[in-house]
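Participant: can't give you the sequence, but here's the structure:
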């Protein structure tokens with residue numbers, strides 16, 4: 001069986017280091033390179049800088065880094081016609097447009113969260129926002145470790161976008177207030193975000209539909225980062241057979257959007 005050749009960007013990061021360990025155990029995947037901000041050797045593994053040479057031999061590049069680094073990798077991937085899995089979050093509108101344009105030339109799978117549970121939660125949130133009456137106030141609660149830079153997280157924004165789609169609108173119009181490590185008075189008829197950045201939390205997300213009389217809550221807790229690694233590995237195997245286009249985890253998991 002021919003193995004899928006993979007390069008991992010950000011190999012010393014939280015997700016990158018887990019992916020390196022996991023890919024080495026996969027019979028159908030071969031690790032051909034790992035990149036970092038500077039060239040460094042750790043044990044038997046050499047971490048190269050992002051370049052045409054360091055990424056040339058891969059079939060699929062996995063990227064869990066920062067937006068600036070992702071855009072650098074994106075240019076190389078397009079030039080080499082390499083497929084790319086993007087788990088990075090915090091992109092600007094301009095950067096998202098650049099990713100969409102690049103997807104016309106190569107296969108790109110982009111997702112703010114690659115776990116099965118979160119993608120089912122996203123699907124259910126859209127259905128609920130479409131079906132329940134408008135008087136429900138909507139909240140998204142987003143808790144991560146204290147080192148996470150972007151807020152709301154990519155997962156929280158994914159959930160917000162799905163809710164907005166269910167309301168036949170977009171998050172730009174429905175986005176309400178953002179509360180970081182505090183509470184406050186919400187904006188009515190908007191999607192309000194409550195953000196916590198504390199300790200070593202791996203990711204706790206809730207979507208709450210609230211009235212004075214009742215509360216509907218969907219909650220997901222990531223007990224281990226392995227769920228994201230599993231999703232990324234599934235994505236690699238799936239996208240290795242695809243042509244150019246912009247994909248997400250719904251495609252991998254065969255969740256049919258409404």
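Facilitator: Happy to help now that I have it. Everything numeric here is computed off the predicted structure, so don't read it as measured data. Residues are numbered from 1 along each chain as shown.

Participant: pull up the distance across stretch 205-223, start to finish.
Facilitator: 12 Å (C-alpha to C-alpha, to the nearest Å).

Participant: same question for stretch 217-233.
Facilitator: End-to-end span of stretch 217-233 (C-alpha to C-alpha): 30 Å.

Participant: which residues are contacting it?
Facilitator: Applying C-beta atoms under 8 Å, 6 or more residues apart in numbering, the external contacts of stretch 217-233 come out as 14-15, 18-19, 22-23, 26, 29, 62, 64, 85, 87, 111, 113-118, 121, 124-125, 128, 202-209, 249, 252. Every residue, glycine included, has its C-beta placed from N, CA and C.

Participant: any idea of the mean pLDDT in it?
Facilitator: Stretch 217-233 shows an average pLDDT of 92 in the prediction.

Participant: run the chain-centre distance for it.
Facilitator: On the basis of C-alpha atoms, centre = their mean, to the nearest Å, stretch 217-233 is displaced by 11 Å from the centre of the chain it belongs to.

Participant: cool, and stretch 199-207?
Facilitator: With C-alpha atoms, centre = their mean as the basis, stretch 199-207 stands 14 Å off its chain's centre.

Participant: list the buried ones in that stretch?
Facilitator: Neighbour counts over stretch 199-207 (16 or more other C-beta atoms under 10 Å) mark 202, 203, 205, 206, 207 as buried.

Participant: filter those down to the ones in strands?
Facilitator: Among the buried residues of stretch 199-207, the members found in strands (DSSP state E) are 205, 206, 207.

Participant: export those residues to TSV and append columns for distance to residue 69.
Facilitator: TSV is the format used below for these (distance: C-beta to C-beta, whole Å):
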residue	distance to residue 69
205	25
206	30
207	30
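
Participant: and of those residues, the nearest to residue 137?
Facilitator: Taking C-beta to C-beta as the measure, residue 137 sits nearest to residue 207 out of these, at 11.7 Å.

Participant: which stretches in this structure count as strands?
Facilitator: With DSSP E as the criterion, the chain has strands at 4-9, 29-35, 40-42, 45-48, 60-63, 83-86, 107-110, 137-144, 175-180, 191-197, 204-210, 215-221, 245-247.

Participant: for the fifth one, give the mean pLDDT please.
Facilitator: Okay, so that is strand 60-63. Regarding strand 60-63, the rounded mean pLDDT is 97.

Participant: from the rest of the structure, what touches it?
Facilitator: For strand 60-63, the external contacting residues (C-beta under 8 Å, 6+ apart) are 4-10, 19, 55, 69-70, 73, 77, 82-88, 232, 236, 239-240.

Participant: please apply the same query to the third one.
Facilitator: Strand 40-42 is contacted from outside by 12, 46, 47, using C-beta under 8 Å, 6+ apart.

Participant: now do 10 Å
Facilitator: For strand 40-42, the surrounding residues in contact (C-beta atoms under 10 Å, 6 or more residues apart in numbering) are 11, 12, 17, 20, 34, 36, 46, 47, 48, 49.

Participant: what pLDDT, on average, does it get?
Facilitator: 88.

Participant: tell me the strands beside it, with direction?
Facilitator: With DSSP bridges as the test, strand 40-42 is paired with strand 45-48 (antiparallel).

Participant: can you list contacts of the partner strand?
Facilitator: Residues from elsewhere that reach strand 45-48, judged by C-beta under 10 Å, 6+ apart: 7-8, 10-12, 16, 20, 24, 31, 33-41, 54-55.

Participant: does residue 79 touch residue 72 like I think?
Facilitator: No: if you go by C-beta atoms under 10 Å, residue 79 and residue 72 don't touch, sitting 11.5 Å apart.

Participant: can you give me the neighbour number for residue 256?
Facilitator: Using other C-beta atoms under 10 Å, the number of residues around residue 256 comes to 7.

Participant: ditto for residue 225
Facilitator: Residue 225: 16 neighbours (other C-beta under 10 Å).

Participant: residue 115 versus that one, what's the distance?
Facilitator: According to C-beta to C-beta, to the nearest Å, residue 225 stands 10 Å off from residue 115.

Participant: list residues touching both of these two?
Facilitator: Common neighbours of residue 225 and residue 115 (C-beta under 10 Å, 6+ apart) are residue 203.
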